[in-house]
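K.L.:
Structure here, sequence nowhere to be found:
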């Protein structure tokens, strides 16, 4: 059983952070806005985890966990 692709939801969270940063002149939101996009890009670039509608066989949870790992691994980057 496959699920939905969570990438659009994750990217929407980044867009919301970007909007909040602009709306409230909040640099922390603006800075955080790039994290979801970079994590999704990393997961897609690696290519190992994809839901069926984008050419893979991973579940929703597997994709979401891969993005979460990408966020965690990126936290130490400058």
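P.N.:
Looks like it came in fine. Computed from a predicted structure; not experimentally measured.
K.L.:
Please make it C-alpha for all contacts and neighbour counts, starting now.
P.N.:
Noted.
K.L.:
how far does the host helix or strand of residue 9 sit from the chain's center?
P.N.:
Taking DSSP states H and E as the criterion, the element that holds residue 9 is helix 7-23. Here helix 7-23 is found 10 Å from its chain centre; the criterion is CA atoms, centre = their mean, to the nearest Å.
K.L.:
Check which helices and strands it sits against.
P.N.:
With contacts defined as 3 or more CA pairs under 8 Å, 6 or more residues apart in numbering; DSSP states H and E, helix 7-23 has these neighbours: helix 27-32, helix 34-46.
K.L.:
Next, format the ones you listed as TSV and append distance to residue 13 and mean neighbour count.
P.N.:
Formatted as TSV, those follow (distance: least, CA to CA, whole Å; neighbours: other CA atoms under 10 Å):
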stretch	distance to residue 13	mean neighbour count
helix 27-32	10	15
helix 34-46	7	18
